[in-house]
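**Q** Here's my sequence, what's the structure:
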Amino acid sequence: MAKAIHSMIRVLDEARSVDFYRTAFGLEISGRFEFESFILIYLSNAETDFEVELTVNKERTEPYDLGDGYGHIAFCVDDVEAEHARLEAAGLGPRKLVSFERDGELFAQFFFIADPDGYQIEVLKRHGRFQ
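**A** Sure thing, here's the model as predicted:
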């Protein structure tokens, strides 16, 4: 059986991205590996073994074209309303809080936020299948 271990995104500015993921999701650097032309930074927290891998290509100066193929990564939190308010107060610009129902019951409550490179991140209430 396979185990998901990380999701990689390419970023322009290491410090800016690390600061965003630390402030928004409590992720800290769990590993940093510098190579001749790129740097790999792994971020994680105590909630899970899954990591976000930031790749910084040293010669890159232009923003990445995310195209129309990228979807999003997702984090779940106990109190999505409080998290939305915290991120808004931090100036990180979370989008509108949304609730989806299915068969008359809450299926998901969530909002999206974009990181400094434009990657979309879904923040879900810890509920039902989203644990």
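**Q** Break the protein into its domains for me.
**A** The chain is divided into the following domains under automatic domain parsing: 1-59, 71-131.
**Q** Now tabulate these in CSV and tack on distance to residue 65, mean pLDDT and mean neighbour count.
**A** Heads up, the C-betas are built off the backbone N, CA and C, glycines and all. Output for those, formatted as CSV (distance: least, CB to CB, whole Å; pLDDT from 0 to 100; neighbours: other CB atoms under 10 Å):
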stretch, distance to residue 65, mean pLDDT, mean neighbour count
domain 1-59, 10, 95, 14
domain 71-131, 10, 95, 14
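**Q** Contacts for the longest helix anywhere in the chain, please.
**A** For the chain, the helix reaching the highest residue count under DSSP state H is reported as helix 14-25. The set of residues external to helix 14-25 that reach it, using CB atoms under 8 Å, 6 or more residues apart in numbering, is 11, 27-29, 39, 41, 43, 45, 52, 54, 56, 75, 87, 90, 92, 113, 115-117, 121.
**Q** Between the two ends of stretch 124-131, what distance do you get?
**A** Counting by CA to CA, to the nearest Å, the length from the leading to the trailing residue of stretch 124-131 is 9 Å.
**Q** returning to what we had before: counting only helices, which of the contacts of helix 14-25 make the cut?
**A** Applying DSSP H to the contacts of helix 14-25, the entries found in helices are residue 87.
**Q** show me where this protein has strands.
**A** In the chain, the segments counted as strands under DSSP state E are 6-10, 28-34, 38-45, 48-57, 73-77, 98-102, 105-114, 120-125.
**Q** can you put these in JSON lines and add distance to residue 63?
**A** Listed next are these as JSON lines, based on distance: least, CB to CB, whole Å:
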{"stretch": "strand 6-10", "distance to residue 63": "10"}
{"stretch": "strand 28-34", "distance to residue 63": "22"}
{"stretch": "strand 38-45", "distance to residue 63": "17"}
{"stretch": "strand 48-57", "distance to residue 63": "12"}
{"stretch": "strand 73-77", "distance to residue 63": "18"}
{"stretch": "strand 98-102", "distance to residue 63": "27"}
{"stretch": "strand 105-114", "distance to residue 63": "12"}
{"stretch": "strand 120-125", "distance to residue 63": "15"}
